[in-house]
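*Asks:* my questions are about this predicted structure, shown below with the sequence.
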Amino acid sequence: MKPSEKRIYDYLAEYEAAAPEKKFLISAEQQVTVREAVNMVSCIAIRLTDAGICKGDLIALRTVTSIDAVLLFLALEIIGAVAVLTDPHESVLDFLQKLEGEIPVKAALTDEAGDGGWTLIKCAAGERCPISTKLNNCELSRAHSLEITGDSSLPAVIIFTSGSTGKTKAVTLSQYNCVNNLEDSRFIGGYREDDIALGFLPLNHVFGLALLLGALVLQHTFVFSDSARPDDILKCIEKYHVTRMNGIPTLFQAMAEKCGAYDIHSLRVGFVGGSPWTAQQFIQIEESLDMTLIPVYGMSECIGISCASWKDDRKVRMNGVGPFYSMNDGWIQKEDGTCAKEGEEGEILVKGPARMLGYYGEDAGSAFDEEGYLHTGDLGFLDESGILHITGRKKDIIIRNGINISARKIEEVLLEQPEIQQAAVTGIPNEHYGEVPCAMVVCNDKQMSEYMLSERLKQSGRLTKAEFPYKILLVSELPLTTTHKPDKVKIYEWFIRNLLL
């Protein structure tokens, strides 16, 4: 498959030509057709240019899950500005202050005034001006004459890594990166023209960004959920007849436990990724929600790396994260730098159209090797069918008495216990062994004790003596990053503060 050179605006124009009156964006307060979206985005782009926003400017955007935020994002892309996607859980200005000037943002778009509107804050001058997202027919004639320029390969988005195992980094993506990830999944994602996709993750999450752009590139409807709580998501599926959604395994599990109270027969398919699952969990989710799960593997630095197909048999889908995307070139590198054979573990390397331009503020090539491959930091292997299996992260390798231990393997064994909902394992310094694995676990059985769980693990025989957790802590919930992954930095810090090892 040949990569697309089209820009986001080109896809928006094509969508309007094909289905102008089709519902594009839906929330509890508003519904916007494709034609309305084109007009509104064009008018907003005019307002932003009148306010001094130019091609190449870095503009922070508070990524609340709303139609307005999407329209503002698309307007920035049409202008050719770089959308710096900030965490909606904190103030935009606080977020920028934490960056300590590392990213020279010219202005910020935020809805924090509390009046339901948006404000453009010019960072240097401190000037504030309202930016309406409502359509003004007086401006429409000007908007239609808006000059659309720019190369799809130029910087377009800055998105921040979750920082779950280290310092967060600013990933620079182009429109070329964003749209080609969707082009690559066009024929394997189980898409249909009547699809209604559910968005509950904000745009600063790579899964949320990909789902929105999928609705644009593949021309279907996008619905906003009120929240990421399982009950709210199930209500939204029932109300709007949602057909597809993306999520992590624990979210789908929580939905499966509550779905009996809702009519969600419309739900057909969805990508699953972000953390491990067991075969039992995979089957339970599919059968309870009556949907097809498509395992996918990607990251902020490379939006899509590998993906299964909706046509694959369940046994194939639940065993691994699919082959490399068709436009990707990927391989497994052993510690000695050679290519791993079938079944051999090593670091996953990838390059392709969805690979980032680089980390902001660093030389473009510094994030890649001399052949252009991104070293993902993830460990895995390819099986005889070319399916990729994730075995852990290089940073999650725990070295106990000189023995390399996979934190991910211990997590997977813990999750095999039916009472365990979530598990996170990290290596903690120890004066006798160098490092020891410690586990923080969420259990749905209040009668379960740490001793009982340890005995279960011993009886399973799935862990060696070196792999066996030095400490298991049962908690009501894990500390999570803003992207809903276990925050291993905080988990590590808790064990350091509270355990004498």
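*Replies:* Great, that's in hand.
*Asks:* contacting residues for Phe200?
*Replies:* 65, 208, 224-225, 227-228, 232-233, 236, 245 (CB atoms under 8 Å, 6 or more residues apart in numbering). For the C-beta atoms, the positions are set from N, CA and C on the backbone; glycine is no exception.
*Asks:* distance of the nearest residue to Gly402 once chain neighbours are set aside from Glu147?
*Replies:* Leaving aside its sequence neighbours, Gly402 sits nearest to Gly434 (CB to CB, 6 or more residues apart in numbering; 7.5 Å). Gly434 sits 61 Å away from Glu147, going by CB to CB, to the nearest Å.
*Asks:* who has more neighbours out of these two?
*Replies:* Between Gly434 and Glu147, Gly434 has the larger neighbour count (other CB atoms under 10 Å), namely 14 against 9.
*Asks:* got the buried residues for the longest helix seen in the chain?
*Replies:* Assignment by DSSP state H gives helix 34-50 as the longest helix of the chain. Neighbour counts over helix 34-50 (16 or more other CB atoms under 10 Å) mark 34-49 as buried.
*Asks:* could you do stretch 153-160 as well?
*Replies:* So, applying 16+ other CB under 10 Å, buried residues of stretch 153-160: 154-160.
*Asks:* just stretch 366-376 next, same as before
*Replies:* Neighbour-count burial for stretch 366-376 [16+ other CB under 10 Å]: 367-368, 373-374, 376.
*Asks:* please list the members of the residues you listed that lie in strands.
*Replies:* Among those, the members falling in strands (DSSP state E) are 374, 376.
*Asks:* of the buried residues of stretch 366-376, which one scores lowest on pLDDT?
*Replies:* When the buried residues of stretch 366-376 are compared on pLDDT, Ala367 comes out lowest, with 83.
*Asks:* which residues does the closest residue to it other than its chain neighbours bridge with?
*Replies:* Spatially, and ignoring its direct neighbours in sequence, Ala367 is nearest to Gly358 (4.9 Å; CB to CB, 6+ apart). Bridge pairing for Gly358 (DSSP bridges) gives the partners Thr172.
*Asks:* hang on, Gly358 packs against Ser366?
*Replies:* Yes. The criterion here is CB atoms under 8 Å, and Gly358 meets it with Ser366 at 6.9 Å.
*Asks:* returning to that earlier point: now the buried residues of stretch 366-376 as CSV including distance to Gly322?
*Replies:* Formatted as CSV, the buried residues of stretch 366-376 follow (distance: CB to CB, whole Å):
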residue, distance to Gly322
Ala367, 24
Phe368, 23
Tyr373, 19
Leu374, 18
Thr376, 15
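*Asks:* can you give me the helices in the stretch 401-501 of the chain?
*Replies:* Using DSSP state H, counting those that start in this stretch, the helices assigned to the stretch 401-501 of the chain run over residues 407-415, 450-460, 488-498.
*Asks:* tell me which of those helices lies nearest to Gly126.
*Replies:* With CB to CB as the measure, helix 488-498 is the member of the helices of the stretch 401-501 of the chain nearest Gly126 (33.5 Å).
*Asks:* between that closest one and helix 407-415, how big is the angle?
*Replies:* 80 degrees (axes from the mean of the first three to the mean of the last three CA atoms, to 10 degrees).
*Asks:* what lies in contact with stretch 21-38?
*Replies:* Counting by CB under 8 Å, 6+ apart, 12-13, 15-16, 19-20, 40, 66-67, 70-71, 74, 135, 196, 215, 219, 221-224, 226, 240 sit against stretch 21-38.
*Asks:* where strands are concerned, which of the residues you listed count?
*Replies:* 196, 221-224.
*Asks:* and the residues you listed, which is the shakiest by pLDDT?
*Replies:* Phe224 (95).
*Asks:* how is the protein divided into domains?
*Replies:* 8-382, 401-498 (automatic domain parsing).
*Asks:* pick the most buried one from the ones you listed.
*Replies:* domain 8-382 (a mean of 19; mean count of other CB atoms under 10 Å).
*Asks:* show me the contacts for the residue nearest to Ser185 when sequence neighbours are not counted.
*Replies:* Counting by CB to CB, 6+ apart, Ser185 lies nearest to Cys307, which is 5.9 Å off, once chain neighbours are set aside. Counting by CB under 8 Å, 6+ apart, Cys307 touches 184-185, 188-189, 271, 294-297, 321-323, 325.
*Asks:* adding secondary structure and distance to Phe24, write the residues you listed out as CSV.
*Replies:* Listed next are the contacts of Cys307 as CSV, based on DSSP: H, G, I helix; E, B strand; the rest coil; distance: CB to CB, whole Å:
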residue, secondary structure, distance to Phe24
Asp184, helix, 22
Ser185, helix, 19
Ile188, coil, 24
Gly189, coil, 19
Phe271, strand, 21
Ile294, strand, 23
Pro295, strand, 28
Val296, strand, 24
Tyr297, strand, 29
Val321, coil, 30
Gly322, coil, 29
Pro323, coil, 32
Tyr325, coil, 26
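*Asks:* ok, those vs Arg7, which is closest?
*Replies:* Asp184 (17.2 Å).
*Asks:* enumerate every residue touching the closest one.
*Replies:* Taking CB under 8 Å, 6+ apart, one finds 1, 304, 307, 325-328, 352-354 in contact with Asp184.
*Asks:* go with 7 Å
*Replies:* Going by CB atoms under 7 Å, 6 or more residues apart in numbering, Asp184 touches 1, 304, 325-327, 354.
*Asks:* give me the below-cutoff pLDDT ranges for the stretch 51-200 of the chain.
*Replies:* Along the stretch 51-200 of the chain, the parts satisfying pLDDT under 70 run over 138, 143-145, 162-167.
*Asks:* quick one, strands of it?
*Replies:* Here the stretch 51-200 of the chain has its strands, by DSSP state E, counting those that start in this stretch, at 58-62, 82-86, 107-110, 118-122, 127-131, 155-160, 170-174, 196-199.
*Asks:* now the closest residue to Leu473 other than its chain neighbours: how far from Asn498?
*Replies:* Once flanking residues are discounted, Leu473 sits nearest to Met440: 5.0 Å by CB to CB, 6+ apart. Using CB to CB, Met440 is found at 11 Å from Asn498.
*Asks:* and what of Val475?
*Replies:* Val475 is 12 Å from Asn498, by CB to CB.
*Asks:* and the spatially closest residue to Ala60 that is not a sequence neighbour, what are its bridge partners?
*Replies:* Nearest non-adjacent residue to Ala60, counting by CB to CB, 6+ apart: Ala108, 3.9 Å away. Beta-bridge pairing for Ala108 (DSSP bridges): Ala60, Ile121.
*Asks:* alright, calling it a day.
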